[in-house]
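**Student:** Coordinates only, no sequence provided:
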């Protein structure tokens, strides 16, 4: 299914578009995502990196994730909106924060990951796949 996907940061200084729908959407409860999502799970759409076009300048923060991957997290230096991340283990994929999508309806989680890191009040959907830690690599169609 081909779907043109667009989005932006809060102030509009950084805009992006993807030429295909996301491969998958996950809600992540890892501790890093909790910091980035104000204590909640982050909801992330997974796209093929080669199909994303970004306009505007973004800043980057590089860190080591619990999975062992080096993570490159990109955000708007003007308004601070978290936008993208890429892991060293899968540089062919780019994660886009669902809150930055113009059409957030395409960003409903299909699974929850790192659920063992969720606080006791953290919401999970028992009807969706839940993974205690790092899931198996996703196939990039």
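**Tutor:** Received, thanks. Please read all numbers here as calculations on a predicted model, not as lab measurements.
**Student:** For the residue positioned nearest the centre of the chain, pull up the helix or strand it's in.
**Tutor:** For the chain, the residue lying nearest the average C-alpha position, counting by Cα atoms, centre = their mean, turns out to be residue 44 (2.9 Å). Counting by DSSP states H and E, the element that carries residue 44 is strand 42-48.
**Student:** Quick check: which helices or strands does that strand pack against?
**Tutor:** Applying 3 or more Cβ pairs under 8 Å, 6 or more residues apart in numbering; DSSP states H and E, we find strand 42-48 packed against strand 24-28, helix 31-36, strand 93-97. For glycine as for every other residue, the C-beta is placed from the backbone atoms N, C-alpha and C.
**Student:** ok now whichever helix or strand comes after it, how far from the chain's centre?
**Tutor:** Moving toward the C-terminus from strand 42-48, the first helix or strand encountered (DSSP H and E) is strand 52-55. Between the mean C-alpha location of strand 52-55 and the chain-wide mean there is a distance of 15 Å, by Cα atoms, centre = their mean, to the nearest Å.
**Student:** How about stretch 6-17?
**Tutor:** That offset, for stretch 6-17, works out to 15 Å (Cα atoms, centre = their mean).
**Student:** What is the end-to-end distance of it?
**Tutor:** Taking Cα to Cα, to the nearest Å, the first and last residues of stretch 6-17 lie 4 Å apart.
**Student:** Would you mind listing the buried residues in that stretch?
**Tutor:** By neighbour count with 16 or more other Cβ atoms under 10 Å, stretch 6-17 contains the buried residues 7-9, 13-16.
**Student:** And the contacts of the strand holding residue 44?
**Tutor:** Contacts to strand 42-48, defined as Cβ atoms under 8 Å, 6 or more residues apart in numbering, come from residues 5, 18, 20, 22-28, 33-34, 36-37, 82, 85, 92-99, 101, 106-107, 109, 138, 140-141.
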